[in-house]
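In: Sequence and predicted structure below; questions after.
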Amino acid sequence: MGVISAIGNSVAENHIALTEAVCGVKKEFSLFPTKYAGMLPFGQVNISSVSLPGKLNITEPGVTRTTMLALHAFNEAIRDAQIPLPQLSSFDTALIGASTVGGMCLTDELYADANNNTEGSPYTLSYDCASVALYLQQRFEMNGIINTINTACSSSANAIMYGAMLIKNGFAKRAIVGGADSLAKYTINGFHALHILLHENCTPFDEGRKGLNLGEGAAFLVLEKEEDIAGKKVYAELTGYCNANDAYHPSSLSEQGDGPFFSMRGALQNAGLSASQVSFINAHGTGTENNDEVESRSLLRLFENMPPFASSKANIGHTLGAAGAIEAVYSILSLVHQEVYPNLHFNQPIATTGLIPVKSYQKIQLQHVMSNSFGFGGNCSSLIFSKA
């Protein structure tokens with residue numbers, strides 16, 4: 001696994017920060033000029049776009065911050081898995097990436113450059129929705145199946161699911177799966193237009209929740225078949241997954257939570273598990289009025305006895321296309337270390353549901369962890385990771 005977020009630049013740093021209940025969402029903002037700097041809190045990765053190329057040995061022009069964050073996490077994942085370069089470029093190694101912003105984080109630069117440069121702009125190729133995966137493919141000379149998924153906030157959960165299906169159906173022996181998104185004017189202005197960006201830190205599952213905080217980051221995981229892992233370090237098993245869509249509204253979930261309910265139930269069925277066997281739920285938990293109440297209702301609809309649950313978006317912000325992969329890493333860390341991390345800034349349960357998330361770091365026995373990622377358009381995905 002590899003991860004970078006507002007609370008750490010590696011899996012180890014993220015793990016320590018989670019156990020210490022660190023909040024990386026702050027009003028200090030330095031990535032680019034915006035009128036919202038100092039007004040809105042963001043989950044900003046603590047490495048500047050100026051220093052990232054040197055750290056990552058990037059010399060090409062027009063490489064976006066999204067791609068650099070992806071490369072950072074990708075490097076850690078393949079080092080951790082000890083994948084040799086010949087195997088990385090093998091036709092049976094797949095790369096499934098995800099992003100919602102992609103190269104659109106350099107929209108202003110592309111616009112300015114296109115108006116001043118008649119011979120084309122290096123930012124044009126970066127603007128492609130698949131630019132992140134294409135860069136990784138070219139840098140590492142990968143020849144297997146390469147794909148990019150953009151289903152909003154469920155993007156990298158679906159990338160994980162798609163990679164697993166490639167392996168299961170014989171199209172790949174291993175799949176490197178994940179996603180990346182950077183903070184950008186494009187998304188900040190877009191989410192502000194929806195009136196769901198909060199001027200304070202978000203409070204997932206709290207009665208007084210009023211909106212979300214945007215974050216940035218990246219995560220990648222290496223998936224392999226069980227018969228191919230002899231002698232290798234194994235964190236967990238991906239036992240269940242499902243995608244469902246309630247097709248209710250472009251940016252809201254249906255009141256009864258059909259999408260979340262069917263994705264969670266489908267993941268359980270795929271894993272051959274009952275709801276009572278789930279030890280912990282890494283909830284989507286954005287801190288918005290619609291999402292948290294709907295997710296709570298769908299949880300109560302599925303679970304007769306509610307297992308412990310929490311959202312990590314108060315730690316790192318909503319990382320959009322990277323959220324599913326980052327939170328998959330967090331779910332796996334919970335399994336490996338047999339612990340759960342607190343849902344920050346929670347005070348009072350939602351009146352209509354009464355659910356109370358995990359409020360403090362705890363050591364508990366975990367066998368199966370569910371990770372939820374729900375996107376715009378009602379695109380909902382649930383993953384189940386089990387103790388190795």
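Out: Now that the structure is in, tell me what you want to look at.
In: the strands in the stretch 251-388 of the chain, which residues?
Out: For the stretch 251-388 of the chain, the strands defined by DSSP state E, counting those that start in this stretch occupy 280-282, 309-310, 339-340, 362-363, 368-374, 379-387.
In: what's the neighbour count on Ser360?
Out: 9 (other CB atoms under 10 Å). Every residue, glycine included, has its C-beta placed from N, CA and C.
In: Give me the distance between it and Pro33.
Out: Using CB to CB, to the nearest Å, we find Ser360 at a distance of 39 Å from Pro33.
In: repeat for Ala152
Out: Distance, Ala152 to Pro33, by CB to CB: 26 Å.
In: With neighbour numbers in mind, choose between these two.
Out: Neighbour tally, Ala152 and Pro33, criterion other CB under 10 Å: the higher count belongs to Ala152, 20 against 9.
In: That one and Ser373 touch, don't they?
Out: No: contact criterion CB atoms under 8 Å: Ala152 and Ser373 do not qualify, at 9.3 Å.
In: so how far is the lengthiest helix in the chain off the chain centroid?
Out: Using DSSP state H, we find that the single longest helix of the chain is helix 65-81. From the chain centre to the centre of helix 65-81 is a distance of 14 Å (CA atoms, centre = their mean, to the nearest Å).
In: Next: stretch 304-314.
Out: 17 Å.
In: likewise stretch 229-242?
Out: Relative to where its chain is centred, stretch 229-242 has its mean C-alpha point 19 Å off (CA atoms, centre = their mean).
In: what's the model's confidence in that stretch, averaged?
Out: Averaged across stretch 229-242, the pLDDT comes to 95.
In: other SSEs contacting the longest helix of the chain?
Out: Packing partners of helix 65-81 (3 or more CB pairs under 8 Å, 6 or more residues apart in numbering; DSSP states H and E): strand 2-4, helix 52-56, helix 131-139, strand 174-181, strand 217-224.
In: Highest mean neighbour count out of the ones you listed?
Out: For the helices and strands packed on helix 65-81, the stretch with the most neighbours on average is strand 174-181, a mean of 32; neighbours defined as mean count of other CB atoms under 10 Å.
In: Need the residue closest to the centroid of the protein.
Out: Closest to where the C-alpha atoms of the chain average out (CA atoms, centre = their mean) is Ala323, at 1.7 Å.
In: wouldn't that residue be in contact with Cys153 here?
Out: Yes: at 5.6 Å, Ala323 and Cys153 qualify as touching, with contact defined as CB under 8 Å.
In: list residues touching both of these two?
Out: Common neighbours of Ala323 and Cys153 (criterion: CB atoms under 8 Å, 6 or more residues apart in numbering): His284, Ser373.
In: on that earlier part again, can I get the helices and strands packed on helix 65-81 in a markdown table with mean pLDDT and distance to Ser334?
Out: A markdown table is the format used below for the helices and strands packed on helix 65-81 (pLDDT from 0 to 100; distance: least, CB to CB, whole Å):
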| stretch | mean pLDDT | distance to Ser334 |
| --- | --- | --- |
| strand 2-4 | 98 | 14 |
| helix 52-56 | 96 | 29 |
| helix 131-139 | 96 | 27 |
| strand 174-181 | 98 | 18 |
| strand 217-224 | 98 | 15 |
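In: CSV for those, including distance to Gly43?
Out: Below are the helices and strands packed on helix 65-81 laid out as CSV (distance: least, CB to CB, whole Å):
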stretch, distance to Gly43
strand 2-4, 11
helix 52-56, 17
helix 131-139, 19
strand 174-181, 11
strand 217-224, 7
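In: Return the backbone torsion pair for Pro307.
Out: When read as degrees, to the nearest 10, the backbone of Pro307 gives phi -80, psi 170.
In: So what's the residue count around it?
Out: Neighbours around Pro307, by other CB under 10 Å: 17.
In: who's in contact with it?
Out: So Pro307 contacts Val278, Ser279, Phe280, Ile281 (CB under 8 Å, 6+ apart).
In: what do you get if the cut-off is 6 Å, keeping everything else the same?
Out: Residues in contact with Pro307 (CB atoms under 6 Å, 6 or more residues apart in numbering) are Val278, Phe280, Ile281.
In: Could you do His284 as well?
Out: Per CB under 6 Å, 6+ apart, neighbours of His284: Glu295, Asn372, Ser373, Phe374.
In: For the first one, give its distance to Ile281.
Out: When distance is defined by CB to CB, Glu295 is 9 Å away from Ile281.
In: again, but for the last one
Out: Noted for Phe374: a distance of 13 Å to Ile281, by CB to CB.
In: of these two, who's got more company?
Out: For Phe374 versus Ile281, neighbours defined as other CB under 10 Å are more numerous around Phe374 (30 against 27).
In: which phi and psi does Phe42 have?
Out: phi -130, psi 150.
In: still on that earlier bit, can you tell me which of the strands of the stretch 251-388 of the chain is most buried?
Out: Buried most deeply of the strands of the stretch 251-388 of the chain, by mean count of other CB under 10 Å, is strand 368-374, with a mean of 28.
In: pLDDT weak spots in the chain?
Out: 251 (pLDDT under 70).
In: How about the residue in it that sits furthest from its center?
Out: Note on the chain: the largest C-alpha distance from the chain mean falls to Thr118, namely 37.8 Å (CA atoms, centre = their mean).
In: Show me the helices in the stretch 151-300 of the chain, by range?
Out: 155-168, 185-193, 258-271, 289-302 (DSSP state H, counting those that start in this stretch).
In: try the stretch 1-150 of the chain
Out: Counting by DSSP H, counting those that start in this stretch, one finds helices in the stretch 1-150 of the chain at the ranges 11-19, 52-56, 65-81, 85-88, 107-116, 123-126, 131-139.
In: For these, state which one has the densest average packing.
Out: With neighbours defined as mean count of other CB under 10 Å, the helices of the stretch 1-150 of the chain peak in mean count at helix 65-81, which reaches a mean of 24.
In: From the rest of the structure, what touches that helix?
Out: Outside of helix 65-81, the residues within contact range by CB under 6 Å, 6+ apart are 1-4, 49, 52, 56, 99, 101-102, 105, 132, 135-136, 180, 182, 218-220, 222.
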